[in-house]
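1. after the sequence you'll find the predicted model.
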Amino acid sequence: MDVNQARFNMVEQQVRPWEVLDPAVLDAMMAVPREQFVPEAYRLLAFSDIRIPLGKGQSMFPPKLEGRLLQALNPQKHERVLEIGTGSGYLAALLGHLAKEVLSVERHAEFVADAARRLRLAAVTNVECVVGDGLEGWPSAQPYDLIAITASSPARRPLIERQLALGGRLFIVIGTGPVMEATIITREADDVFPATALFEFELEPLIGAALKPKFEF
């Protein structure tokens, strides 16, 4: 496989046609070696328009979703990022390419170890991966300019939203299948958090975030 050509095709045939036109995002996806963040068994599918399984019911986003997420968050070089759900580490690497620093929280220790190794191999030095439950964010290091939640939630997460700095942006997929919406939430003032729906996308839920069943009598 010609990796450089495959990466170019991914950007031009998948990401750009999905209305990802931000040059910084497209450049990041050309620069970060996605193939290094894919499990070995799926290496030949690194640039395909699919979700790549990671184990434990988790998967990598398809490239076009990663592009839309980054474009919506619009990371800047001076900004701090919280990522909830490290996965393979690829999205963290992209965020690290565009922002100042990234703290990525993941509950599966083996994911953290693998992602940290891949980030080192890719010479990414501004991403820290930690083992923990990010269901309510990571308040000890707040505030964050950006928060990327890589799993869905049936409803908004106010405790996480309040960890944003003023002007900060949060990406989350809200709803329950089959109706879920990728959403950007902005902290415009202390208690003002407007939300903008971006597109529909079905995504695995945050562990522990599922709605409790209602009892019927």
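-> Cool, the structure landed. Predicted model, so just to flag it, every value in this text is computed and none were measured.

2. ranges for the helices of the chain?
-> 3-10, 23-31, 63-73, 90-98, 109-121, 158-161 (DSSP state H).

3. now tabulate those helices in TSV and tack on mean pLDDT, mean neighbour count and distance to residue 140.
-> Just so you know, the C-beta spots here come from the backbone N, C-alpha and C atoms, and that holds for glycine as well. Output for the helices of the chain, formatted as TSV (pLDDT from 0 to 100; neighbours: other Cβ atoms under 10 Å; distance: least, Cβ to Cβ, whole Å):
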stretch	mean pLDDT	mean neighbour count	distance to residue 140
helix 3-10	97	14	36
helix 23-31	98	17	28
helix 63-73	97	23	22
helix 90-98	98	26	18
helix 109-121	97	17	17
helix 158-161	98	16	13
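
4. tell me which of these lies nearest to residue 150.
-> Closest approach to residue 150 among the helices of the chain (Cβ to Cβ): helix 90-98, 6.5 Å.

5. counting by contacts, list what the closest one packs against.
-> helix 23-31, helix 63-73, strand 80-84, strand 101-106, helix 109-121, strand 127-131, strand 144-153 (3 or more Cβ pairs under 8 Å, 6 or more residues apart in numbering; DSSP states H and E).

6. switch these over to a markdown table; also include distance to residue 37.
-> Output for the helices and strands packed on helix 90-98, formatted as a markdown table (distance: least, Cβ to Cβ, whole Å):
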| stretch | distance to residue 37 |
| --- | --- |
| helix 23-31 | 12 |
| helix 63-73 | 11 |
| strand 80-84 | 13 |
| strand 101-106 | 12 |
| helix 109-121 | 5 |
| strand 127-131 | 12 |
| strand 144-153 | 13 |
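
7. excluding its backbone neighbours, what's nearest the residue nearest in space to the middle of the chain?
-> The residue lying closest to the centre of the chain (Cα atoms, centre = their mean) is residue 150, at 4.4 Å. Excluding the flanking residues, the one nearest residue 150 by Cβ to Cβ, 6 or more residues apart in numbering is residue 85, at 3.5 Å.

8. same thing with residue 206?
-> Nearest non-adjacent residue to residue 206 (Cβ to Cβ, 6+ apart): residue 151, at 4.3 Å.

9. again with residue 28
-> Nearest to residue 28 is residue 97, by Cβ to Cβ, 6+ apart, at 4.4 Å.

10. burial measure for the residue lying closest to residue 161 once chain neighbours are set aside, as a count.
-> Once flanking residues are discounted, residue 161 sits nearest to residue 193: 5.2 Å by Cβ to Cβ, 6+ apart. Using other Cβ atoms under 10 Å, residue 193 has 17 neighbouring residues.
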